[in-house]
Structure formats: C-alpha cells, structure tokens
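Novice: Here is a sequence together with a model predicted from it:
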Amino acid sequence: MELLPSLLDRLKAVDSRTVEQEYNVVRSESLTLKRDLGLTTETGALKENIKKNRYKDILPYDQSRVVLSLPTSGSSSDYINASFIKGASGDCRYVACQGPLSSTVCDFWRMIWQLDVKVIVMACREIEMGKRKCECYWAAARQVAAFGPFTVSNQGESRPNEDIVLRNISVSFQQETRSVVQYQFLSWPDHDVPYETSGVLDLLDRARNSQGFHSSPMLIHCSAGCGRTGVVCALDYIHDLLVTKQIAADFSILKIVLELREQRPSAVQTKDQYQFIFTAAISMFERFLQASVQQLHSNLPELKKPEKRSITTPAASANRSSQQRNMNDTYAVVNKSKQPLPPAPTAVATPRSSGGTRTLPPSHHYDNDPAGASAAPIYSSVKPRAKPLSHSLSATPIYDIAAPANHKATEGAEYQLVSAEHLSAAATNDDDYEDFSSSVSDMTSLCSPGGIGFNCRVRKPRGPRDPPAEWSRLER
C-alpha cells in the first residue's frame with residue numbers, strides 16, 4: 001500500500017490529451033494483438049448463429065467464448081454471444097455478455113444455470129433512445145414467467161438508490177430451484193458515461209457483497225456486452241488488485257484494457273469510457289486509502305485520557321471549608337449584623353400603638369442547612385433612626401411613610417439591617433423613631449402637596465368667625 005499514494009498522484013496528473021493518446025494506442029494495439037494471438041470469431045459468424053448476435057460486428061472470440069453444454073428440449077446449440085473474462089487472480093472471474101434477444105433468452109438462462117451464476121449486473125435499460133437494447137428476461141414483480149424449460153419468479157424489487165434496481169429472482173429447472181440477484185444500473189447512457197463515479201462504485205460494492213465467496217463468475221452485460229460491460233470489468237479488476245495487494249509500480253490502465261480486449265472484442269468502446277476508468281480509479285484509490293487509515297486507527301490501543309486532578313494545599317482546603325460554613329449560615333438574609341446574634345425569640349414586641357407581641361413565622365427549612373429544621377432562622381429588618389410624628393388627631397401614625405417630608409432634616413440618613421432580636425429589644429424605646437418638628441411651618445410643610453403627596457390642610461371657613469384652635473397649636 002506504500003505505492004498507492006504515488007499511483008494516485010500519477011493518475012491525477014493524467015490530462016485529457018494523454019487519455020486521448022492512450023486510447024488511440026488501445027485501438028491500434030487491439031488489432032495487433034488479434035493478429036499476433038490469432039484470435040478468431042468463426043463460431044459466431046456461422047450461418048446458424050449469425051442471427052443470435054445483436055450486433056454483427058461484435059462477435060466473441062472463439063478462444064474465450066462461453067460454450068453451452070447444458071442440453072434442453074428447446075435448444076441444443078452451444079453458442080451464445082458471451083465471453084469469459086479473467087480476474088486479478090487469473091481465474092474466470094466474469095462473463096461479459098450481450099443483452100439477450102427474444103430468440104436467445106432461453107440460451108441466456110441455460111448459461112446462468114450451467115455456470116451457477118449468483119449475481120447479474122445489468123448496465124443498461126431495456127429501451128434506450130427509442131430502441132430496444134435488451135430483452136426482458138425476468139418476470140414482473142411478484143410474478144412468474146416461463147422461458148423454455150426455466151421458470152423465473154420475481155420475488156421482489158427494491159431501489160437502493162435512484163440509480164439501481166435490485167431484483168431477487170428465483171429460477172427453477174427440473175425440480176431444482178436457485179436464487180439469483182440482479183442489479184440493474186439505470187444511469188448509464190449507451191456510448192456515454194455516468195455523470196458521477198460514485199453510482200458505479202456503489203453498484204460494484206453491492207454486487208461483490210452479494211457474490212460473497214461464491215466461486216461462480218459474475219455475469220455482466222449491457223446491450224452489446226463490450227463498452228459499458230468492459231468498464232465494469234476493468235473497475236472491478238482494479239479493485240481486486242487493491243484487495244489482493246497485487247498492484248505494482250507499473251500499474252497501467254492501458255495494460256488492463258488491452259488484457260480485456262484480448263478476451264472480449266471492443267471492450268471499453270469509446271474514449272470517454274476510457275477516461276471514466278481513470279476518474280473512477282482515482283475515487284476508488286481515495287476510498288481505499290481512507291478505509292486503510294480508519295482501520296489503522298481502529299487497531300491502535302485506546303489512549304486513556306489523564307484524569308483532571310486539582311492540587312489542594314492546606315490553606316486552600318481550610319479556605320474552602322470556611323466558605324462552606326459561611327454558605328451554610330447564609331439563607332435569605334440580605335445583610336447580617338456585624339455582632340454575633342443570640343437565638344431569635346419566638347415572639348417580639350411590635351412598634352404598633354396597639355401594643356402586644358407578634359409571633360415570628362415558624363422555622364423555615366433550607367436545602368443547604370446542615371442542621372435542618374433545628375437551626376433558628378435569621379431575619380432582617382429596616383431600622384429608621386428617628387421617631388415618627390405623633391399627631392394629636394390620631395394616636396397612631398396616619399401613613400406608613402416611606403420617605404421623610406423634611407429632606408434637609410434627613411439628608412444623609414441611612415437604613416440599617418438589624419436582627420429581629422435587636423429590633424425587639426429596641427421596640428420600647430421611642431428614641432428609635434424619627435421625631436419631626438412641631439412648628440406650624442413644619443406642619444405646613446408636612447401637609448403640603450410637595451411633602452408626602454397629599455393635601456392635609458383644613459380649609460379656612462368663609463365668614464367672620466374665630467379660627468379653630470387646631471390652626472394655632474399642635475397637641476403633643
């Protein structure tokens with residue numbers, strides 16, 4: 001496999017001009033080989049066989065033709081337009097055959113049965129460009145057809161992709177039944193090439209999988225059994241060279257095609273088909289290299305990834321423990337008192353004028369509390385600095401004042417978070433609340449629209465009477 005990258009580079013370096021020159025060599029050398037090797041086509045040219053040839057200029061060589069030996073009641077002739085093709089190992093790997101005529105379908109099945117063919121690759125359609133290229137030698141899906149003494153049953157059809165039709169065929173002869181798989185490639189025009197190589201390579205992969213280790217030859221045919229059939233044989237031959245590791249430094253597609261033409265006339269029939277072999281071989285080599293790399297990686301022992309371990313120092317361990325304890329003490333508290341707090345009482349006095357006590361909510365459970373429900377909850381509250389205004393009209397404050405009306409008096413005022421116990425202890429001390437001035441001006445400011453947002457002034461009645469006492473004094 002060390003040669004494969006260099007061979008791949010060599011194939012990629014071949015341009016269209018070189019391909020044309022090589023194909024001209026193929027054509028001229030084919031005539032020389034036919035003359036030097038003494039290849040003849042006398043059997044196919046016999047009067048009784050001439051009508052069995054689809055094309056009069058494509059006749060099998062007598063030296064490599066398939067000789068029918070299976071006698072049937074309908075036909076005793078030994079001729080069929082088909083040739084044996086050797087594989088990379090030197091055995092008869094393929095049978096290159098023309099598409100059967102209506103008069104040769106029976107001979108076609110005679111050959112299949114005689115050679116025990118398991119896989120058929122059909123590289124054409126039945127009708128192309130308005131002309132019949134191949135007789136339908138199978139039955140319709142789920143149907144049965146008789147061709148002489150052979151009963152052919154189509155067990156089912158499928159479409160692995162848009163290019164291929166897969167048929168599972170059962171053929172019976174003299175109370176014996178065999179199975180045959182047929183792959184029909186639909187995207188290969190006559191005297192032309194497919195628009196991409198992946199379809200043909202996929203076709204060959206499927207055919208090889210169906211063939212398995214069966215020793216019988218694979219039957220490949222198109223219409224004449226030379227152009228498209230020769231390309232398929234050449235590509236599978238190259239694949240066998242790769243698999244069996246017989247590919248050498250002198251690898252040459254020209255030599256392979258010439259070997260095919262020694263066994264089947266006009267194999268690889270056009271320059272475009274010859275060029276297609278180069279393109280498909282490049283794709284095949286790239287696939288093979290990629291598969292080899294993946295296999296190499298899969299055979300390597302898996303490298304264990306080192307575990308991530310953190311280096312813990314005594315100081316870091318102590319710091320982490322301290323952070324854990326602090327986290328356990330922090331529940332829903334916005335801010336805690338700087339001094340340590342004793343356990344919270346179950347009831348605290350409220351600053352309401354009605355007096356009495358207010359019972360705190362029951363202990364709350366926290367997920368991060370190691371002591372569970374037994375831990376006393378810590379609460380926080382907002383503590384104002386001065387006493388609220390006590391008005392003579394009411395014993396209790398009129399409003400829950402959020403912001404003091406006298407901005408100057410409260411400039412720089414802050415709110416502090418204190419514990420519930422501290423708040424309970426200071427609840428009886430009036431000095432904990434803000435005390436407003438009792439002057440008339442302060443009261444006017446308090447009740448002005450710009451103060452707390454409401455007009456609290458009692459309107460002066462009209463008429464000559466004494467003003468009420470509430471206007472001139474405030475009761476403390």
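Specialist: Nice, I can see it.
Novice: in this structure, which spans are strands?
Specialist: 82-86, 92-97, 119-122, 127-128, 131-132, 144-147, 150-161, 164-173, 176-185, 218-221, 347-349, 357-359, 380-383, 416-419 (DSSP state E).
Novice: could I get those as a markdown table with mean neighbour count and mean pLDDT?
Specialist: (C-beta placed from N, C-alpha, C; glycine too.) Formatted as a markdown table, the strands of the chain follow (neighbours: other C-beta atoms under 10 Å; pLDDT from 0 to 100):
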| stretch | mean neighbour count | mean pLDDT |
| --- | --- | --- |
| strand 82-86 | 24 | 97 |
| strand 92-97 | 23 | 96 |
| strand 119-122 | 24 | 98 |
| strand 127-128 | 14 | 94 |
| strand 131-132 | 12 | 94 |
| strand 144-147 | 14 | 96 |
| strand 150-161 | 15 | 96 |
| strand 164-173 | 18 | 97 |
| strand 176-185 | 16 | 97 |
| strand 218-221 | 25 | 98 |
| strand 347-349 | 15 | 46 |
| strand 357-359 | 12 | 48 |
| strand 380-383 | 14 | 47 |
| strand 416-419 | 16 | 49 |
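Novice: would CSV of those with distance to E48 be doable?
Specialist: Compiled in CSV, those are given as follows (distance: least, C-beta to C-beta, whole Å):
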stretch, distance to E48
strand 82-86, 17
strand 92-97, 19
strand 119-122, 27
strand 127-128, 28
strand 131-132, 23
strand 144-147, 20
strand 150-161, 22
strand 164-173, 24
strand 176-185, 28
strand 218-221, 22
strand 347-349, 124
strand 357-359, 120
strand 380-383, 115
strand 416-419, 116
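Novice: how about these, which one is nearest E259?
Specialist: Proximity to E259, assessed across these by C-beta to C-beta, is greatest for strand 82-86 (7.7 Å).
Novice: In the longest helix anywhere in the chain, which residues are buried?
Specialist: Longest helix in the chain by number of residues (criterion: DSSP state H): helix 271-299. Neighbour counts over helix 271-299 (16 or more other C-beta atoms under 10 Å) mark 271, 273-282, 284-285, 288 as buried.
Novice: got it, and stretch 236-244?
Specialist: Applying a neighbour-count criterion of 16+ other C-beta under 10 Å, one finds D236, Y237, I238, H239, D240, L241, L242 buried in stretch 236-244.
Novice: Just the ones in helices from the residues you listed, please.
Specialist: D236, Y237, I238, H239, D240, L241, L242.
Novice: so which of these would you say is closest to G148?
Specialist: D236 (30.4 Å).
Novice: Report the separation between the closest one and L242.
Specialist: The gap separating D236 from L242 is 11 Å, by C-beta to C-beta, to the nearest Å.
Novice: so where is the stretch 1-150 of the chain shaky, pLDDT-wise?
Specialist: Applying pLDDT under 70 to the stretch 1-150 of the chain picks out residues 1.
Novice: could you redo the last one with a cut-off of 80?
Specialist: Applying pLDDT under 80 to the stretch 1-150 of the chain flags residues 1-2, 73-75.
Novice: again with the stretch 251-400 of the chain
Specialist: Those would be 292-400, if you go by pLDDT under 80 across the stretch 251-400 of the chain.
Novice: repeat that with 90
Specialist: Applying pLDDT under 90 to the stretch 251-400 of the chain picks out residues 288-400.
Novice: Switch the ones in helices among the buried residues of stretch 236-244 over to TSV; also include distance to C222 and pLDDT.
Specialist: Listed next are those as TSV, based on distance: C-beta to C-beta, whole Å; pLDDT from 0 to 100:
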residue	distance to C222	pLDDT
D236	14	96
Y237	17	96
I238	19	96
H239	19	95
D240	21	93
L241	23	94
L242	24	92
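Novice: how about those residues in TSV, adding distance to R125?
Specialist: TSV is the format used below for these (distance: C-beta to C-beta, whole Å):
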residue	distance to R125
D236	21
Y237	25
I238	26
H239	25
D240	28
L241	30
L242	30
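Novice: which helices and strands sit right next to the longest helix of the chain?
Specialist: helix 4-13, helix 16-37, helix 198-211, helix 227-243, helix 253-263 (3 or more C-beta pairs under 8 Å, 6 or more residues apart in numbering; DSSP states H and E).
Novice: one more time with 6 Å
Specialist: When contacts are defined as 3 or more C-beta pairs under 6 Å, 6 or more residues apart in numbering; DSSP states H and E, helix 271-299 packs onto helix 4-13, helix 16-37, helix 227-243.
Novice: picking up where we left off before, nearest to T32 among the ones in helices among the buried residues of stretch 236-244?
Specialist: Among those, and counting by C-beta to C-beta, the member closest to T32 is Y237, at 21.6 Å.
Novice: how about the closest one, what does it touch?
Specialist: Under the criterion of C-beta atoms under 6 Å, 6 or more residues apart in numbering, the neighbours of Y237 are A88, I256.
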